[in-house]
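**Q** here is the input, now give the coordinates:
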Amino acid sequence: MGEALSLGDPLPRSFFARDALVVARALVGTYLVIDGKRPRVSRIVETEAYRGPTDLACHARAGMTKRTRTLLGPAGHAYVFLVYGMHDCFNLVCFGEGKGHAVLVRAGEPTRGLANDARTDGPGRFSRAMGITRADDGLDVVEGGRLYVAPRVGRAKISVSARVGVAYAGEMAEAPWRFFDAQSRWVSRPSARMIGLGRV
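**A** Numbering: from 1, shown residues only. Next up is the predicted model:
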């Protein structure tokens, strides 16, 4: 798989077969690898956990639909959906089939194959820079080969906050389920009004 090999083998399915809250924190500092004609690598620096049908901010609350089929499938697959009619958002399915857990990757630090000034701060920008589209929805990130997650090197100093842009979920929007590397300049900078219920 070319230059991507030096980052290590893909994380095993057991890594993803856990509660999204655990996986979201564990993903900060790992590397998302896109292999192929134009290899691209980003160090994941910001994530959010979405925890199934009882999480009012999670798509799984709608049950099984054409959109949520991947989300409700087995762990270790890419879940890519369109938001605001223009941005593809990349998630990793967690826990197990039917659980509806996933982690949204909100930002990454350009590592290989991207310009240093590439905009990767925010889920739409991140997917666009990495070349991830809805065509990647359902891709197996453990055995698929083209897209995978490689282990972190060292430890990140992880900060926590409420999620971004989910005020519609009511009090659940205040849950501290966003994780980010406080020392990375590639982390998104949402306004206070967009975080949790937007109480300023």
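**Q** can you map out the helices along the chain?
**A** Assigned by DSSP state H, the helices in the chain fall at 13-16, 20-27, 123-130.
**Q** quick one, what contacts Val23?
**A** By Cβ atoms under 8 Å, 6 or more residues apart in numbering, Val23 lies in contact with Phe15, Phe16, Ala49, Leu92, Cys94, His101, Val103. Any C-beta I mention is one placed from the backbone N, CA and C, and that applies to glycine too.
**Q** and of these, the nearest to Pro74?
**A** Lowest distance from Pro74 to the contacts of Val23 (Cβ to Cβ) belongs to Phe16, with 8.9 Å.
**Q** packing partners of the worst-scoring helix or strand of the chain on mean pLDDT?
**A** Here the helix or strand of the chain ranked lowest by mean pLDDT, DSSP states H and E is strand 78-83, holding a mean of 92. Applying 3 or more Cβ pairs under 8 Å, 6 or more residues apart in numbering; DSSP states H and E, one finds that strand 78-83 contacts strand 87-94, helix 123-130.
**Q** is the residue most central in space within the chain in a bridge, and if so with what?
**A** Centrality entry for the chain: nearest residue to the mean C-alpha point is Val105, 2.2 Å, by Cα atoms, centre = their mean. Note on Val105: beta-bridge partners by DSSP bridges are Thr47.
**Q** tell me the contacts of it?
**A** Applying Cβ under 8 Å, 6+ apart, one finds that Val105 lies in contact with Leu27, Leu32, Ile44, Glu46, Thr47, Phe90, Asn91, Leu92, Pro123, Phe126.
**Q** next one: Gly63
**A** Per Cβ under 8 Å, 6+ apart, neighbours of Gly63: Pro53.
**Q** and for Tyr31, the neighbour number?
**A** 23 (other Cβ atoms under 10 Å).
**Q** wait, it touches Arg40, no?
**A** No: using Cβ atoms under 8 Å, Tyr31 makes no contact with Arg40, being 10.5 Å away.
**Q** next, the buried residues of the least confident helix or strand of the chain.
**A** Ala78, Tyr79, Val80, Phe81 (16 or more other Cβ atoms under 10 Å).
**Q** got the CA coordinates for that strand in PDB?
**A** Extracted in PDB, the C-alpha atoms of strand 78-83 (Å, rounded to 0.1, in the frame of the first residue of the first chain):
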ATOM      1  CA  ALA A  78     -17.500   4.200   7.200                       C
ATOM      2  CA  TYR A  79     -20.800   6.000   7.500                       C
ATOM      3  CA  VAL A  80     -20.900   9.000   5.200                       C
ATOM      4  CA  PHE A  81     -23.900  11.300   5.000                       C
ATOM      5  CA  LEU A  82     -24.800  14.700   3.400                       C
ATOM      6  CA  VAL A  83     -25.600  17.600   5.600                       C
END
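**Q** need the residues that contact it.
**A** Applying Cβ under 8 Å, 6+ apart, the contact partners of strand 78-83 are 59, 67, 70-71, 88-93, 102, 123-124, 127, 132-134, 136-139, 141, 147.
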